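Novice: Okay, predicted coordinates and the sequence, questions at the end:
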2 protein chains.
Amino acid sequence: MARIVMKFGGTSVGDVERIKNVAQRVKKAVQEGNEVAVVVSAMSGSTNQLVEWCRQVAPLHDPKEYDTVVSTGEQVTIGLLAIALQDIGVPARSWTGWQVPVHTDGTHGKARIEQIDTQEMQGRMATGEVAVVAGFQGLGPDNRISTLGRGGSDTSAVALAAALGADRCDIYTDVEGVYTTDPRIVAKARKLDKITYEEMLELASVGAKVLQTRSVEVAMKHHVRVQVLSSFVDAPGTLVCDEEEIVEQELVSGIAYSRDEAKVTLVRVPDRPGIAAAIFGPLAEAAINVDMIVQNVSEDGKSTDLTFTVGKADLDRARKVLEDAKSHLSYERLACDSNVVKVSVIGVGMRSHAGIAQKMFQTLATEGINIQIITTSEIKISVLIEEKYAELALRALHTAYGLDG
Amino acid sequence: MARIVMKFGGTSVGDVERIKNVAQRVKKAVQEGNEVAVVVSAMSGSTNQLVEWCRQVAPLHDPKEYDTVVSTGEQVTIGLLAIALQDIGVPARSWTGWQVPVHTDGTHGKARIEQIDTQEMQGRMATGEVAVVAGFQGLGPDNRISTLGRGGSDTSAVALAAALGADRCDIYTDVEGVYTTDPRIVAKARKLDKITYEEMLELASVGAKVLQTRSVEVAMKHHVRVQVLSSFVDAPGTLVCDEEEIVEQELVSGIAYSRDEAKVTLVRVPDRPGIAAAIFGPLAEAAINVDMIVQNVSEDGKSTDLTFTVGKADLDRARKVLEDAKSHLSYERLACDSNVVKVSVIGVGMRSHAGIAQKMFQTLATEGINIQIITTSEIKISVLIEEKYAELALRALHTAYGLDG
């Protein structure tokens, strides 16, 4: 007998029929003798509707109230799934984030899970009751609902699996696993059988929408074996696991891209010690994540241009923060550009092989694509390019690294 | 300076623009120097959608899960209204039922409010912050969300007004007040300036959709002055208050009707002591309200027919309860009829005037309408008739009692 956490995303619970299908899958897992907790997202489209309502009422709104509104999406799904399970003879009850409770740090709209009390839940699961848990939400120290940010249900599932000491966390989604790149763009993309936490982390961080970054971090930290598989096709998916579990390791595992970033340039910032801290401090305080950063060499020794990327959703707030601090930062001009895409090459093989970056730059140069920003990590190289070149870059790199199926 | 509770129903918060209008009304009340708590319903249509989803998943479903699902409607509205208020410079925060908390008895789907802890809320209101409270919901002793049943937001508002010791509870709705009868059916219907709790209670109990029955009971018990008024038209509404506040009292205040009832007949029930208890006990246990009851005189001394009404929404469950108990109750046959309407004449003047019932029976007889069941109270006479005669009966009675405007 195993204890497993099953997670179903918005598309998998998109309507009443699909919720009933999910109930059947859960029933099968229960009949196989497993103790099961299910984590669900909001029905597809409902979160967008809720976010849109908040935006229509006021573009800049209190994240505490935003959380109150958008967390209702998952609450609807847990109730409906519990009803569907009971209807086919499977004992089940729903749990909102505050009922579990899933304690978070209370950063509204982007909360981090700090601790999950599973004592009552474990007692109920031991009696054969399926726990149906709302993903994406928790309870902040202010006794108010806090959400984990978009895609946070994956993190909820993995964190719950860790808290329950589950044998596996199965993430059901609308894709069949993790691919070498987006198969909608590159027809020759291949599904991977296994991938390391580190690679998955880099893929997730650059926009492969299969798993949320934070969920992979939590999985890696607690060694939670995560399987990504389709909720519509009955086929094995991709296992995200420790490097030791993977026998044959490829040099490059995948090529990813992200359209979710926007470029911000502060033109002619004074080139003095502490200026970076002065710029990024207020952004951090406003809980705005900054990703790629590049600072030009100062030509006159007095001022420089500083460029970085933020999430597109944060661009308006970032602009406001920087405009409010203009007198203090004394830059000349603020330039923003949403018309960019980040393309990344990922593989743990990079650690021990040279020339991988060079192949990327050469391939893009051959296609005539200009690189705006470059960042690298131990197992990833990312470049920011003009958005219109996204597909071209992806296809060329996929072929260049020998990933074509 | 006064402390007031303002309650807005589903139509008043039916979309983003209307929510912004509500925010303006609340701002006005705040600027007039009032401490304000606002109670809101779900956006119109959303509760129906949520209920329909539950029904589609399983017609007979766990009321605890039903509550989890349908309570999200109000949670969306409180967040959006708080955002709208903040956007026009009015400090505000939202409160779900479990956050206040609004303690209920935990009868899921039909919970009763037992106690409201307003200490934290009062402290915040004293600083000028508007409390935006989800109607219709509370927290049961099982730490799960319990809803008060349809229309429960009125009760939430009045109970909150009582708990806050508010000077007045204004119920904003899509009608301009309480009418002598339904103006959509009887063109000559008139708006009443004032009406007693007792009359309002009888009107509400027979389907005048202006205020929920339970809310009027709570108002009467705690002497909460309740004003019913339009959220779209800027005009005085109807004040529901103690009899002493009303100088000129009419003999009959209004004629009401309810299409929400269904008739159940148990044919040839054994005529023995305890049979009524045996029938209504299980219905009460299933939390099914029984309204009109009539037991025919036994012809043979052995068996009788027993007829009563239940809410149309409870009919399926009532039928199941009675069928399950058939061997025990040993009736011959169960007959159900949803094709009925209850018409009621209401007025505190009845207490001191004879002949009011007789006028009702005579008027219906003249129109050729057969009466199926009659019940009376101190200030009300109700009859159950075939549904198709509803409009005819209403118009005839409105004229007969001199209510035409």
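Specialist: That came through, no problem.
Novice: State the distance from A:Ala396 to chain B.
Specialist: For A:Ala396, the distance to chain B (Cβ to the nearest Cβ, to the nearest Å) stands at 45 Å. Every C-beta, even on glycine, is put in place using the N, C-alpha and C of the backbone.
Novice: got the contact list for that residue?
Specialist: A:363-364, A:366-367 (Cβ atoms under 8 Å, 6 or more residues apart in numbering or on different chains).
Novice: State the pLDDT value of it.
Specialist: On pLDDT, A:Ala396 comes in at 96.
Novice: just to revisit the earlier point, pipe the contacts of A:Ala396 into CSV and attach distance to chain B per row.
Specialist: As requested, those are exported to CSV (distance: Cβ to the nearest Cβ, whole Å):
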residue, distance to chain B
A:Thr363, 47
A:Leu364, 44
A:Thr366, 50
A:Glu367, 45
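Novice: What is the nearest of the residues you listed to A:Asp300?
Specialist: The nearest member of the contacts of A:Ala396 to A:Asp300, counting by Cβ to Cβ, is A:Leu364 at 31.1 Å.
Novice: which helices and strands sit right next to the helix or strand harbouring the closest one?
Specialist: Using DSSP states H and E, A:Leu364 sits in helix A:356-366. Counting by 3 or more Cβ pairs under 8 Å, 6 or more residues apart in numbering or on different chains; DSSP states H and E, the packing neighbours recorded for helix A:356-366 are strand A:380-386, helix A:390-400.
Novice: neighbours around the residue in the stretch 101-250 of chain A positioned nearest to chain B, how many?
Specialist: Going by Cβ to the nearest Cβ, chain B is nearest to A:Asn143 of the stretch 101-250 of chain A, at 6.5 Å. Using other Cβ atoms under 10 Å in any protein chain shown, A:Asn143 has 12 neighbouring residues.
Novice: Which residue is the nearest non-sequential neighbour of it?
Specialist: Take A:Asn143 and drop its neighbours on the chain: the residue closest to it by Cβ to Cβ, 6 or more residues apart in numbering or on different chains is B:Gln99, 6.5 Å away.
Novice: Can you tell me how far the one you found is from B:Val38?
Specialist: Using Cβ to Cβ, to the nearest Å, B:Gln99 is found at 15 Å from B:Val38.
Novice: the more surrounded of those two?
Specialist: Comparing B:Gln99 with B:Val38 by other Cβ under 10 Å, the one with more neighbours is B:Val38, at 32 against 20.
Novice: what residues does the stretch 201-350 of chain A put near chain B?
Specialist: Applying Cβ under 8 Å from any Cβ of the partner chain, we find that the stretch 201-350 of chain A lies next to chain B at no residue.
Novice: Show me where the stretch 51-200 of chain A dips below the pLDDT cut-off.
Specialist: A:150-151 (pLDDT under 70).
Novice: and A:Gln24, how many neighbours?
Specialist: Counted with other Cβ under 10 Å, the neighbours of A:Gln24 add up to 12.
Novice: and the nearest residue to A:Thr180 once chain neighbours are set aside, how many residues sit next to it?
Specialist: Using Cβ to Cβ, 6+ apart and skipping the chain neighbours, the partner closest in space to A:Thr180 is A:Leu403 (4.4 Å). Using other Cβ under 10 Å, the number of residues around A:Leu403 comes to 23.
Novice: still on that earlier bit, separate out the buried members of the contacts of A:Ala396.
Specialist: Buried by 16 or more other Cβ atoms under 10 Å in any protein chain shown: A:363-364, out of the contacts of A:Ala396.
Novice: Can you tell me which of the contacts of A:Ala396 comes closest to A:Ser253?
Specialist: Set against A:Ser253, the nearest of the contacts of A:Ala396 by Cβ to Cβ is A:Thr363 (17.0 Å).
Novice: which residue is nearest the middle of chain A?
Specialist: Nearest to the mean C-alpha position of chain A, by Cα atoms, centre = their mean, lies A:Gln212 at 2.2 Å.
Novice: residue ranges of the helices in the stretch 1-150 of chain A, please?
Specialist: Secondary structure of the stretch 1-150 of chain A by DSSP state H, counting those that start in this stretch: the helices cover A:16-31, A:46-57, A:63-70, A:72-87, A:119-126.
Novice: Nearest to A:Leu394, out of those?
Specialist: helix A:46-57 (25.8 Å).
Novice: The closest one and chain B, are they touching?
Specialist: Yes. Judged by Cβ under 8 Å from any Cβ, helix A:46-57 and chain B are in contact via A:50, A:53-54, A:56-57.
Novice: Sort out which residues of that helix are buried, please.
Specialist: Using 16+ other Cβ under 10 Å as the burial criterion, the residues of helix A:46-57 that qualify are A:46-47, A:50-51, A:53-54, A:56-57.
Novice: got it, and stretch A:130-150?
Specialist: A:130-140, A:144-150.
Novice: And for stretch A:315-335?
Specialist: Under the neighbour-count criterion of 16+ other Cβ under 10 Å, stretch A:315-335 has A:315, A:317-318, A:321-322, A:325, A:329, A:331 buried.
Novice: Give me the neighbour count for the closest residue to A:Asp142 other than its chain neighbours.
Specialist: Excluding the flanking residues, the one nearest A:Asp142 by Cβ to Cβ, 6+ apart is A:Gly106, at 5.7 Å. Neighbourhood size, A:Gly106 [other Cβ under 10 Å]: 18.
Novice: what do you get for A:Ala278?
Specialist: Around A:Ala278 there are 15 residues (other Cβ under 10 Å).
Novice: does the residue lying farthest from the centre of chain A sit in a helix or strand, and which one?
Specialist: What lies farthest from the middle of chain A is A:Asp300; by Cα atoms, centre = their mean that is 41.0 Å. Here A:Asp300 sits in a region with no helix or strand, counting by DSSP H and E.
Novice: mind checking how far it is from A:Pro270?
Specialist: Distance, A:Asp300 to A:Pro270, by Cβ to Cβ: 11 Å.
Novice: circling back to that earlier point, could the contacts of A:Ala396 go into TSV alongside pLDDT?
Specialist: Compiled in TSV, these are given as follows (pLDDT from 0 to 100):
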residue	pLDDT
A:Thr363	95
A:Leu364	95
A:Thr366	95
A:Glu367	95
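Novice: was I right about A:Glu386 contacting A:Val340?
Specialist: Yes. At 6.6 Å, A:Glu386 counts as touching A:Val340 under the criterion of Cβ atoms under 8 Å.
Novice: out of the two, which sits in the busier spot?
Specialist: Neighbour tally, A:Glu386 and A:Val340, criterion other Cβ under 10 Å: the higher count belongs to A:Val340, 21 against 15.
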